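# Whatever this is, show me its structure:
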Amino acid sequence: MKATEANLLEFIKKSPRFIIPIYQRTYSWTERECHQLWDDILRAGVSPEIKAHFVGSVVYIQDGLYQVTTNSPLLVIDGQQRLTTITLLIAALADALEKQPEDAREPIDGFSPRKLRNYYLVNPEEEGDRYYKLLLSQTDRETLIALVDRRELPTDVSLRVSENIALFRNWIASASDLKVICQGVAKLLVIDTSLTRGEDNPQLIFESMNSTGKELSQADLVRNFVLMGLEPTLQTRLYKEYWRPFELEFGQQAYGEEFDAFMRHYLTLKTGEIPRQDQVYEAFKAHARSRSIAEAGTEALLKDIRAFAGHYCAMALGKEKRSRLREAFQDLRELKVEVAYPFLLEVYNDCAQGRIKDDDLLEIVRFIEAYVFRRSICAIPTNSLNKTFATFGKALKKDRYLESVRAHFLLLPSYRRFPRDDEFRRDFETRDLYKSRIRSYWLRRLENHGRKERVVLDEYTIEHIMPQNDNLSSAWKADLGAEWQRVHETWLHTPGNLTLTGYNSEYSDRPFTEKRDMTGGFVESPLRVNQGLGTLERWDEEHIRKRADRLSGLAVEVWRYPTLAEATLATYRKPGATKSTYTINDHPQLLSEKIRPIFEAFRREVLALDPCVTEEYLKLYVAYKAETNFVDVVPQASALRISLNMKWQELIDPKGVCSDVSGKGRWGNGDVEVKLTSLADLPYVVGLVRQSLELQLGNGADA
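Down below sits the predicted model:
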């Protein structure tokens, strides 16, 4: 590798041409990065004290498998973003200078429109691809060529290329002195870094780059890892057959915004582990290098990614062609159930492979929707959803597919439970759903349930039948009765008092009978959610309760609870472990005058951490469980020896009171141990215990 400092314009001028390999990401600089470069150019151009401005590195390797000549193009490993941006700026600057009076078309030497184009945009004596100084990859290529040729842009225009040249044109048009811009561009410096074919590893160099500019996405790194090291002909074929098709399917904007998320869900499905968003690339490398994947080869891996990317686009990007499934996926997106995608990718793939029917896939999607919505209504924390869906596939019985999904939902324990109808109805009737981010979703689903022709509700807004105004009119107070203030506070934002209307502003705070009888009022409303309102003489607590009861009855039909015959469900239950017959009396240390008050205080605090926590006395210790043991207490004569079921490196222990016991034989689970000898230390120790519980429940995993 050879690296030297170089003036950017001189570097471009002397180089035959630059080619962005197909495995590189598309051009992705936004207005923020372009504006930073623009400000740097103006600052350098206006200040004589600034002799040069460094803009980063350009790393390349000369093309040519067998012979490298002075005319061989340079394959850009790193630096395409700044090369492309400078090219756009020079193209815009050349166009602007051409519009100047003839004596002002070359503000400084070398900056005439003709010289700018012939030095930095094209090779005037060449033809075909050799004519252009810079050739971008597929998505951006034709748009940049059209700009350099000064002709109409293609139909499938590159959004970033077209948007950014428009930015530079506007900024140049607003500039008071084009000479300042020319002077600033002339001062730009880069590190010219050439690699030696056969000696330098482009992939390792690419990974280690810490260049200025827009950070590489995890998807950029994944694509380069898969394609960069391949023989060029194979590289091109695999890109065109597999990678390019799902780039097009995602679309330019969604590919940049969604592909990292897709790859995270894909890896969760394939590995059973949920990678952090910023560690997707490392997780992918580990997956790609695993024995089974490596033996199958790169093409098999790309073919698999291509298939699952298509499934993801159907579910997450609205590309599903089957109408009922498209509607169901839209409802999931509105609920923001991204955590279910690893499981849904597997189910969708099984449907695509013919293992289940479309109707089975639809029912599973609707069960997931119901599960998430019911838990939201019942205020069950969402911190376990990530792990629930990441491991859901393990419960599938492929020969009893839908049955096994129902059974798994029905057998989810405690904090992972699928709320039953009675719990769901009770909480639905009293939940504040007006302030919820899904307040339009639930009313739309209720309204359209069972309809063959869906009602488009975009022009409807949510109406409080009993007005929001704290200063209610005398007519409203009379309707609500002596306890009108309590009724107003209790029921205002609940489903029984909420509905849809296209006449929200006309309704205002009018009395109920006026809302009922006016043009567009409840009597004339065609909406099902307003059914019965037109026949009432008043709106009070009794009628709010009755309507809430009716809507909750409809809600259990919309968001259905899975059902199975008890005999069938019994076949899915895990054989129950023998119930422990031990009690506190089997641990005489816990009954001592010194230890008992410490233990009683400890167990109260731990059991209060979460409703799902259970306590079990075993022969040699006491276990506290959520899904499994998260803390164990081994009684001792003068202390409680507490084992935390977590990795040592996961622990936050600012006081340094814990010990690393990984690999050591002892009673209790986990790598962390701490002793509790006094009530004064209890709050700190319970804080340590909480860390272990939260890790098991998955707190923070959805972030």
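# can we go C-alpha only for contacts and neighbour counts from here?
Noted.
# OK, contacts around the nearest residue to residue 43 once chain neighbours are set aside?
Nearest non-adjacent residue to residue 43, counting by C-alpha to C-alpha, 6 or more residues apart in numbering: residue 184, 7.2 Å away. Residues near residue 184 by C-alpha atoms under 8 Å, 6 or more residues apart in numbering: 40, 41, 42, 43, 44, 45, 46.
# ok, and the most crowded of those residues?
residue 45 (25 neighbours; other C-alpha atoms under 10 Å).
# got a list of what that one touches?
By C-alpha under 8 Å, 6+ apart, residue 45 lies in contact with 179, 180, 181, 182, 183, 184, 185, 187.
# Take these and write them to JSON lines, including distance to residue 689, pLDDT and secondary structure.
Compiled in JSON lines, the contacts of residue 45 are given as follows (distance: C-alpha to C-alpha, whole Å; pLDDT from 0 to 100; DSSP: H, G, I helix; E, B strand; the rest coil):
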{"residue": "179", "distance to residue 689": "67", "pLDDT": "94", "secondary structure": "helix"}
{"residue": "180", "distance to residue 689": "63", "pLDDT": "95", "secondary structure": "helix"}
{"residue": "181", "distance to residue 689": "62", "pLDDT": "95", "secondary structure": "helix"}
{"residue": "182", "distance to residue 689": "64", "pLDDT": "96", "secondary structure": "helix"}
{"residue": "183", "distance to residue 689": "63", "pLDDT": "95", "secondary structure": "helix"}
{"residue": "184", "distance to residue 689": "60", "pLDDT": "95", "secondary structure": "helix"}
{"residue": "185", "distance to residue 689": "59", "pLDDT": "96", "secondary structure": "helix"}
{"residue": "187", "distance to residue 689": "59", "pLDDT": "94", "secondary structure": "coil"}
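# neighbour-wise, which of these leads?
residue 185 leads these on contacts (other C-alpha under 10 Å) with 26 neighbours.
# Leaving out the residues flanking it, which one is nearest to that residue?
The shortest distance from residue 185 to any non-neighbouring residue, by C-alpha to C-alpha, 6+ apart, is to residue 41 (5.9 Å).
# The one you found - that's part of a helix, no?
Yes: Residue 41: assigned to a helix according to DSSP: H, G, I helix; E, B strand; the rest coil.
# residue contacts, residue 673?
Residues in contact with residue 673 (C-alpha under 8 Å, 6+ apart) are 641, 642, 643, 644, 658, 659, 660, 661.
# Tell me the first helix or strand C-terminal of the helix or strand containing the second one.
Taking DSSP states H and E as the definition, residue 642 sits inside strand 640-644. Downstream of strand 640-644, the next assigned helix or strand under DSSP H and E is strand 659-660.
# Strand partners (parallel or antiparallel) of the next helix or strand after that following strand?
Later in the chain than strand 659-660, the nearest helix or strand by DSSP H and E is strand 672-676. As defined by DSSP bridges, the strand partners of strand 672-676 come to strand 640-644 (antiparallel), strand 659-660 (antiparallel).
# For the next helix or strand after strand 672-676, give me every contacting residue.
Next helix or strand after strand 672-676 toward the C-terminus (DSSP H and E): helix 682-697. Residues outside helix 682-697 that contact it (C-alpha under 8 Å, 6+ apart): 383-384, 602, 605-606, 609, 626-627, 630-631, 644-646, 651-653, 674, 676.
# tell me the angle of helix 682-697 relative to strand 672-676?
Taking axes from the mean of the first three to the mean of the last three C-alpha atoms, to 10 degrees, one finds helix 682-697 and strand 672-676 inclined to each other by 150 degrees.
# which residues in the stretch 251-400 of the chain form helices?
For the stretch 251-400 of the chain, the helices defined by DSSP state H, counting those that start in this stretch cover 252-271, 280-288, 291-296, 298-316, 323-335, 341-352, 358-377, 385-390.
# Okay then, goodbye and thanks.
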